[in-house]
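Asks: got a predicted structure plus its sequence, pasted below:
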Amino acid sequence: MGVLTGRTALVTGASRGIGRGIAERLGRDGARVAVHYGRNEAAAKETVTAIEAAGGSAFAIGADLAAPGAAEALWEEFDRHADGLDVLVNNAGIGSTRPIGEIEEADYDAVFTVNVKAPFFILKHGMGRLRDGGRVINISSGLARTAVMPGNMAYSMTKGALDVFTRDLSKILGARGITVNSVAPGIIDTDNTAELLHGSPDGWAGAAALSALGGVGAPAEVADVVAFLASHESRWVTGSWVDATGGSLT
Ligand SMILES: NC(=O)c1ccc[n+]([C@@H]2O[C@H](COP(=O)([O-])OP(=O)(O)OC[C@H]3O[C@@H](n4cnc5c(N)ncnc54)[C@H](OP(=O)(O)O)[C@@H]3O)[C@@H](O)[C@H]2O)c1
């Protein structure tokens, strides 16, 4: 029996990286996990297989969060497998590394569509599916609170918007006992950061030097924080921004 036995969780962007780490952790905690993906169905199925191999239960659902009507498409897929939800993790996201002098409107629109518009409409259409006492966890970023990478400004702005969403949504869903929190990772070793960490000989060391703990995080380090916020133990924590940057903001 895990702390989430009998619960259903949906993790967006769970085919790879941090989302996969979160899905596997919630699966180990006993939740039945909806493993959402955009394009990588095969990778999502690997996440499902890993959860099942650890004794858990999971299913994959696909929806391109950059497409119009994405949230409705996601819930339509979800409804084929489950009849309600206890934990929603808005994790899917893309980066933007083009500075303000170079970025095109299409790049700006793309990062805001996936990182802000998608979670907003997933909640608009999904609030009714969330059971009372449930959990919403939005994956933000330390970059919402530090200007250490101003070239990523459009991306950082999306996470600032997501944090406002967290704050205000906590007031709307609080009456139903549903908590809403942001978790902000620092630099985590995933496909998203492959160029930064592995694209130059000193990339890893430079990233590690930003952290008070002197390292680069792994998806499991974020997943453990999410697991706490998904659990009963976090019931009095809502509207908050949880720093999971390894001390990169100190
Ligand atoms: N890595 C870091 O250092 C770091 C730091 C702070 C915050 N974060 C945040 O953590 C979250 C996960 O990042 P990550 O590093 O794990 O990223 P990642 O390895 O690049 O994985 C991104 C995930 O999001 C999904 N996704 C991307 N675009 C999508 C779309 N249009 N429609 C549906 N799904 C889409 C991908 O699905 P497919 O596989 O199907 O493409 C994949 O599962 C993001 O919100 C990111 O901003 C990451």
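Replies: Thanks, I have the structure now. Residues are numbered from 1 along each chain as shown.

Asks: state the phi and psi torsions of the residue most central in space within the chain.
Replies: In the chain, the C-alpha nearest the mean C-alpha coordinate belongs to N91, at 1.7 Å (C-alpha atoms, centre = their mean). Dihedral pair for N91: phi -110, psi -30, per degrees, to the nearest 10.

Asks: show me the contacts for it.
Replies: By C-beta atoms under 8 Å, 6 or more residues apart in numbering, the residues touching N91 are V11, T12, G13, A14, I18, G19, I22, I139. Just so you know, the C-beta spots here come from the backbone N, C-alpha and C atoms, and that holds for glycine as well.

Asks: any idea which element the fifth one lies in?
Replies: Per DSSP states H and E, I18 falls inside helix 17-28.

Asks: in that helix, what counts as buried?
Replies: Neighbour-count burial for helix 17-28 flags G17, I18, G19, R20, G21, I22, A23, E24, R25, L26, G27, R28 (criterion: 16 or more other C-beta atoms under 10 Å).

Asks: ditto for stretch 171-180
Replies: Within stretch 171-180, the residues scored as buried using 16+ other C-beta under 10 Å are L173, I178, T179, V180.

Asks: mind picking the two most distant members of these?
Replies: Within these, L173 and T179 form the most distant pair, 7.8 Å apart (C-beta to C-beta).

Asks: which residues do the two both contact?
Replies: Taking C-beta under 8 Å, 6+ apart as the criterion, L173 and T179 both touch V136.

Asks: quick one, helices of the chain?
Replies: Residue ranges of the helices in the chain, as given by DSSP state H, are 17-28, 41-53, 70-79, 105-112, 118-126, 153-173, 194-198, 203-210, 219-230.

Asks: from these, which stretch is densest packed?
Replies: helix 17-28 (a mean of 27; mean count of other C-beta atoms under 10 Å).

Asks: ok, the lengthiest strand in the chain near the ligand or not?
Replies: Longest strand in the chain by number of residues (criterion: DSSP state E): strand 130-139. Yes: shown here: strand 130-139 in contact with the ligand (C-beta under 6 Å from any ligand atom) through I139.

Asks: oh, and call the first residue 58 from now on, that's how I've got it
Replies: Sure thing, new numbering starts at 58, so read that last one as strand 187-196.

Asks: just want the angle from that strand to helix 276-287.
Replies: Here strand 187-196 points in a direction 150 degrees away from that of helix 276-287 (axes from the mean of the first three to the mean of the last three C-alpha atoms, to 10 degrees).

Asks: helices or strands up against strand 187-196?
Replies: Secondary-structure packing of strand 187-196 (3 or more C-beta pairs under 8 Å, 6 or more residues apart in numbering; DSSP states H and E): strand 142-147, helix 210-230, strand 236-242, helix 276-287.

Asks: so can I have a markdown table of these showing mean pLDDT?
Replies: Formatted as a markdown table, those follow (pLDDT from 0 to 100):
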| stretch | mean pLDDT |
| --- | --- |
| strand 142-147 | 99 |
| helix 210-230 | 98 |
| strand 236-242 | 99 |
| helix 276-287 | 98 |
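
Asks: the ones you listed: which one's closest to the ligand?
Replies: Proximity to the ligand (C-beta to the nearest ligand atom) singles out strand 236-242 among the helices and strands packed on strand 187-196, at 3.9 Å.

Asks: which elements pack onto the closest one?
Replies: Judged by 3+ C-beta pairs under 8 Å, 6+ apart, strand 236-242 is in contact with strand 187-196, helix 210-230, helix 276-287, strand 298-301.

Asks: what lines up beside it in the sheet?
Replies: Counting by DSSP bridges, the strands paired with strand 236-242 are strand 187-196 (parallel), strand 298-301 (parallel).
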